[in-house]
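*Asks:* Based on what follows, work out the 3D shape:
(2 chains)
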Amino acid sequence: MAGQNIKEFDYDKLVIGEELGSYEYVLTQEMLDNFRAAVDDPEASFPTLAVKHDATAFAMVYEDNTGGVNAGNEVEFFNPPIPGKTIRVTGRVADKYLRRDKPYMVIEATAIDEDGRLLEKLRTYQMKKPDEVGKKWQT
Amino acid sequence: MADLKIELNQPIPSVSKKITQESINQFESCGILDRQNIHNNPELAKQRLGFAHPLASGRMSVAFAAESLRKFFGPEVFNHTGTVNLKFLRPVKDGDTITVTGNVSHQQEVDKGTLVTVSLFCENQDRDRTAIGDGTAII
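*Replies:* Have a look, this model is predicted:
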């Protein structure tokens, strides 16, 4: 793990291009099995989706008491991760913007394994005013 | 896959998934950080969204869409050249059934073959769209 100092999240201070946490972990067969069970797909090949590489990188740098709602995801798949291999993740802030007066941030992460195989690139569009979504969709 | 003829508007295999709080929690447990969030903690969902129940991560729908695309293109193609791009429209929660459908919307010659684009739709049991977007692969 990166061991960075955790900062309190302040949207206004977020800088496009700033690096988020970088870290390593070993993907286990148990993680793959759990992911496949969670999505009811015995052939699912990217348990990394549930590890949430970008959000994890963000959480390693920021203490976020506001929370956010995931407005969208973009994922590129290059090679399925192999259980037992170490996965290295780097994250960054790709963008921030206002849309309809709501603040959004875009975080992204790239994952490679210990052999240098590119596994996955992931991008998340997160709206940092989650109560607005709650008002719209409260059930 | 090289022998498979793909035509515009061709449907991809649909997948339907029953969402339970158990499956949501299992998906969240795949992470490497032991985090409480709006997906696995009802109190946080209420505090941040005003919802009475946790929401499923949008990344679960990404995984469902990836399954549908993998079945269409084949794992040897999709797991190495595939993408999923989803915009989330409505919350997904315990008790919902999410169905992913799609059809081929575009084909374009690129350096490594033909880039096939599929329009994606995720709907709940009430036929409300929960996410839309597209997926691609190079054949």
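
*Asks:* first to last residue in stretch A:64-73, what's the distance?
*Replies:* 20 Å (CA to CA, to the nearest Å).

*Asks:* how about stretch A:72-83, does it reach chain B?
*Replies:* Yes: judged by CB under 8 Å from any CB of the partner chain, stretch A:72-83 comes into contact with chain B at A:72, A:73, A:74, A:75, A:76, A:77, A:78, A:79, A:80. Quick note: C-beta positions are derived from backbone N, CA and C, even for glycine.

*Asks:* Could I get the CA-only coordinates of the worst-scoring helix or strand of chain A on mean pLDDT as PDB?
*Replies:* Counting by mean pLDDT, DSSP states H and E, chain A has its least confident helix or strand at helix A:130-137, which shows a mean of 72. Extracted in PDB, the C-alpha atoms of helix A:130-137 (Å, rounded to 0.1, in the frame of the first residue of the first chain):
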ATOM      1  CA  PRO A 130     -25.200  12.900  -3.400                       C
ATOM      2  CA  ASP A 131     -28.200  14.300  -1.500                       C
ATOM      3  CA  GLU A 132     -29.400  15.800  -4.900                       C
ATOM      4  CA  VAL A 133     -29.700  12.200  -6.200                       C
ATOM      5  CA  GLY A 134     -31.500  11.200  -3.100                       C
ATOM      6  CA  LYS A 135     -34.100  13.900  -3.500                       C
ATOM      7  CA  LYS A 136     -34.700  12.800  -7.100                       C
ATOM      8  CA  TRP A 137     -34.900   9.100  -6.500                       C
END
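
*Asks:* which strands and helices sit next to it?
*Replies:* helix B:42-49 (3 or more CB pairs under 8 Å, 6 or more residues apart in numbering or on different chains; DSSP states H and E).

*Asks:* ok now the helix it packs on, how far from the chain's centre?
*Replies:* 24 Å (CA atoms, centre = their mean, to the nearest Å).

*Asks:* which parts of that helix are buried?
*Replies:* B:44, B:45, B:47, B:48, B:49 (16 or more other CB atoms under 10 Å in any protein chain shown).

*Asks:* Restricting to those, which residues neighbour chain A?
*Replies:* Among the buried residues of helix B:42-49, chain A is touched by B:44, B:48, B:49 when using CB under 8 Å from any CB.

*Asks:* what would the buried residues of helix B:42-49 look like in CSV with pLDDT and distance to residue A:103?
*Replies:* Output for the buried residues of helix B:42-49, formatted as CSV (pLDDT from 0 to 100; distance: CB to CB, whole Å):
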residue, pLDDT, distance to residue A:103
B:44, 83, 20
B:45, 85, 20
B:47, 83, 19
B:48, 82, 15
B:49, 81, 16
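
*Asks:* and of those residues, the nearest to residue B:70?
*Replies:* residue B:45 (30.7 Å; CB to CB).
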